[in-house]
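A.B. asks: Just to be clear, the model below is a prediction. Sequence and coordinates:
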Amino acid sequence: MASAAACSVSSSGISSSSLWGSGIQELVREQRVASGRSSAARAPGCSAQSVPLQWQQSDAARDAAVRMAEERLKAGMTAANLSSKEVMDADKKYFVPTYARAPLVFVSGQGCWLTDAEGKEYLDMTAGIAVNSLGHGDDTWVKAVAEQAATLTHVSNLYHSIPQVKLAERLVQSSFADRVFLANSGTEANEAAIKFARKFQRYNAEKKEDKRWLKFGKREVATEMVAFNNGFHGRTLGALSLTSKVQYRAPFEPLIPGVHFYDFGDLEGVKKLVKGGKVAAIFVEPVQGEGGVYPAVASFLRGLRELCDETGTILVFDEVQCGLGRTGKLWAHEPYGVNPDIMTLAKPLAGGLPIGAVLVTEAVASAISYGDHGSTFAGGPLVCAAALAVLDRIQKPGFMESVTSKGCQLRTSLAEKLVGKNKHVKEVRGVGLLVGIQLDCSANPVVEAAREAGMILITAGKGDVIRLAPPLIISDKELEKAVEILVACINQALP
């Protein structure tokens, strides 16, 4: 595996302008040759004048776009253009203040490393909140995105596109699901899941076509939901209704009625409610991420599956953060031996571009009709091409085993150096490369110390958990470096 230095931007010797300049031009040339629009591809005796006018105009427009991109990169998109202070001052002036941002302005990234506006490098142990599984600037991903950008970026969902149907096929072939709905984020995916669950219940209350419903006599349409304390499903109104944190919910109440929260793992409590026949769906994360990095126990998820089968309730697994290889399996629920009716995905799917997905069984899909849901941008050709590149990489033989091995290495090393050695560290837990370090106090001093030392971290839980979710391609040496910095920062900030 590559060393930390090999992942560093400064040690690569490749500037972003030269990478994109030569890369875009080469991809444009390849596209022209493939489509017969370049001089090299013309038949003997054909002049430029014999090429259709619209092709000449298309080539000219593409050349102009390439030149503009290169000029912008050289003139404006460099660390020397704006200081961090100037960017942060502009942020305060122009943005609605919804994020308490760290005082960092990143201008480039390569592998597991980010570089700020002043040229300082940081080891990235967050991957953009579990998004950049392939790290930053992955060659294959960049090539796939650039090729698709030069070909077709958007047509809306009124029409078909090849990358979209290829991605849907890939997701179905790789999972329990029979059909897919594409969205733009994890929150959007969960909003769709709420609607699909309710529509399923209404459809089957009327038609009773799902085999689980055949045993029920006349009953009202189930509309209520079950979610779990410390769970996080998003910030739009429906998804927020399933999210337990009071500080997220309170300013926007009243939210959707009929949502019941239980402690994560409280199967008996859930049973008492669900057997009343009013619950449309149960939403659960196989591994709670934002809540503090808590993997579910097998008996809990299996019990939920049995309960849903018994009562006609939809079981939804939210794998927005924990899915797609983060746990060392393609799907976080795989080791539990149970499948959901609906699964939501997002964060790492397109490697940093906005996408979400809702994977459903045929029984759920059969309840959905034209016009029940939709999105202008969801599943555009560009993001679908990016997602296919991500899946190609993470589904290569040995990739998941590598994530499992590195996750074990990380947890073991941290536990040996911290648990019982620093009085504030109570536990190291997690699965794969989603790891939580439980403290008995705020983790913010550690995050700040790590930032000064050249590593970025995020928190979870009540702010008392250090959450580690590095790129899945992180090397053994980079993990060793991360442990070294982290242990030093914890001991320094929390003596």
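C.D. replies: All right, it came through fine.
A.B. asks: Residue ranges in the stretch 201-350 of the chain under the pLDDT threshold?
C.D. replies: The model of the stretch 201-350 of the chain has pLDDT under 70 over residues 208-219.
A.B. asks: now the helices for it?
C.D. replies: For the stretch 201-350 of the chain, helices defined by DSSP state H, counting those that start in this stretch occupy the ranges 237-241, 246-249, 267-274, 298-311.
A.B. asks: Name the stretch among these that sits most buried.
C.D. replies: Highest mean neighbour count among these (mean count of other Cβ atoms under 10 Å): helix 237-241, with a mean of 21. Where C-beta positions appear, they are placed from N, C-alpha and C, glycine not excepted.
A.B. asks: The residue nearest the centre of the chain and Gly325, how far apart?
C.D. replies: Closest to where the C-alpha atoms of the chain average out (Cα atoms, centre = their mean) is Lys347, at 0.7 Å. Separation of Lys347 from Gly325 (Cβ to Cβ, to the nearest Å): 11 Å.
A.B. asks: hang on, Ile368 packs against Ala197?
C.D. replies: No. Look at Ile368 against Ala197 with Cβ atoms under 8 Å: they stay out of range, at 10.8 Å.
A.B. asks: These two - which one has more neighbours?
C.D. replies: A count of neighbours by other Cβ atoms under 10 Å puts Ala197 above the other of Ile368 and Ala197, at 27 against 18.
A.B. asks: contacting residues for Lys271?
C.D. replies: By Cβ atoms under 8 Å, 6 or more residues apart in numbering, the contact list for Lys271 reads Gly303, Leu307.
A.B. asks: With Arg411 instead?
C.D. replies: Residues in contact with Arg411 (Cβ under 8 Å, 6+ apart) are Val428, Arg429, Gly430, Val435.
A.B. asks: wait, isn't Pro103 in contact with Ser84?
C.D. replies: Yes. Pro103 lies in contact with Ser84 (Cβ under 8 Å); the separation is 7.2 Å.
A.B. asks: Please identify which of those two sits among more neighbours.
C.D. replies: A direct count of neighbours by other Cβ under 10 Å for Pro103 and Ser84 places Ser84 higher, at 17 against 10.
A.B. asks: What are the phi and psi values at Thr115?
C.D. replies: Dihedral angles of Thr115 (phi, psi; degrees, to the nearest 10) stand at phi -120, psi 130.
A.B. asks: quick one: pLDDT of it?
C.D. replies: Thr115 is assigned a predicted lDDT (pLDDT) of 97.
A.B. asks: so it makes contact with Phe106?
C.D. replies: Yes. Judged on Cβ under 8 Å, Thr115 makes contact with Phe106 at a distance of 6.8 Å.
A.B. asks: which residues are common contacts for these two?
C.D. replies: Both Thr115 and Phe106 are in contact with Tyr122, where contact means Cβ under 8 Å, 6+ apart.
A.B. asks: which of those two has more neighbours?
C.D. replies: Shown here are Thr115 and Phe106; by other Cβ under 10 Å, Thr115 has more neighbours (20 against 16).
A.B. asks: What's opposite that one in the beta bridge?
C.D. replies: Counting by DSSP bridges, Thr115 forms beta bridges with Ser108, Glu121.
A.B. asks: same question, Val435
C.D. replies: Assessed by DSSP bridges, Val435 has beta-bridge partners Gly430, Leu468.
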